[in-house]
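Student: Need a 3D model of the following:
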Amino acid sequence: MDWTMIGALGEVGGGIAVVASLLYVGRQVSQNNRIARAEAYREVTMGWARLLHLWADDRPSAKALVESSAGIRLSELPEDDRNPFVLRYAATIRMFETIYHQVTEGVLDPDALDILWGKDAGTTPLFRDAWARLRGSYSPEFRAFVEERYGLTGPDPE
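Tutor: Below you'll find the predicted structure:
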């Protein structure tokens, strides 16, 4: 066996090692992506749990949220309960915005918007009233997404 043959075998062995390394790195990246997605879902779920506790701790806001599917409007809440409700809704919508941005960045799957937020969450009059007050607090991309998703066109007087 001459040096040319040994060099060729070395190159083949090196090529195999490179391919094996790339396969290993690809597997590690895939595993890290799965872990990052699981962590993102966990964080959103924990955020929802904290928000639900926040809602539950304020009986008028909790009652209004539960009744929102019946078509209650913000103007129908007692005046002293409106601002706390809107602030809680602001935190809730911020969570929705976080989910939206994680989906657009590819951290969460697109179905996360429906699973973690819900398709109908923005269709109630109470959501629309709160959105009209809060919409300027969110990123332009998110505002456009919400307004297209729920057929909103910006501030909507009560």
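Student: how about the residue nearest to the spatial centre of the chain, secondary structure?
Tutor: With distances taken as Cα atoms, centre = their mean, Ile99 lies nearest the centre of the chain, 0.6 Å away. What DSSP: H, G, I helix; E, B strand; the rest coil gives for Ile99 is helix.
Student: again, but for the one 10 residues further on
Tutor: Three-state secondary structure (criterion: three-state DSSP) places Asp109 in coil.
Student: quick revisit: tell me how far the residue nearest to the centre of the chain lies from Gly14.
Tutor: Per Cβ to Cβ, to the nearest Å, Ile99 is found 46 Å from Gly14. In short, each C-beta sits where N, CA and C put it, glycine included.
Student: Then Leu77?
Tutor: 72 Å.
Student: Looking at those two, which one has more neighbours?
Tutor: Leu77 (21 against 10; other Cβ atoms under 10 Å).
Student: so who does that one touch?
Tutor: Pro60, Ala64, Phe85 (Cβ atoms under 8 Å, 6 or more residues apart in numbering).
Student: Among those, which are located in strands?
Tutor: Secondary structure assignment by DSSP state E places none of those in strands.
Student: and the host helix or strand of Gly47, what other elements does it pack with?
Tutor: Under the criterion of DSSP states H and E, Gly47 resides in helix 3-56. Counting contacts by 3 or more Cβ pairs under 8 Å, 6 or more residues apart in numbering; DSSP states H and E, helix 3-56 packs against helix 59-67, helix 79-104.
Student: Mind listing what's buried along the helix or strand of the chain with the lowest mean pLDDT?
Tutor: Lowest by mean pLDDT, DSSP states H and E among the helices and strands of the chain is helix 59-67, with a mean of 74. Within helix 59-67, the residues that qualify as buried are Ser61, Ala62, Ala64, Leu65, counting by 16 or more other Cβ atoms under 10 Å.
Student: Pull that helix out as CSV, backbone CA atoms only.
Tutor: These are the backbone C-alpha positions of helix 59-67, laid out as CSV (Å, rounded to 0.1, in the frame of the first residue of the first chain):
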residue,chain,number,x,y,z
ARG,A,59,-65.2,38.9,41.3
PRO,A,60,-66.7,41.6,39.1
SER,A,61,-64.1,41.1,36.3
ALA,A,62,-64.5,37.3,36.6
LYS,A,63,-68.2,37.6,36.3
ALA,A,64,-68.0,39.9,33.3
LEU,A,65,-65.5,37.6,31.6
VAL,A,66,-67.8,34.6,32.1
GLU,A,67,-70.8,36.6,31.0
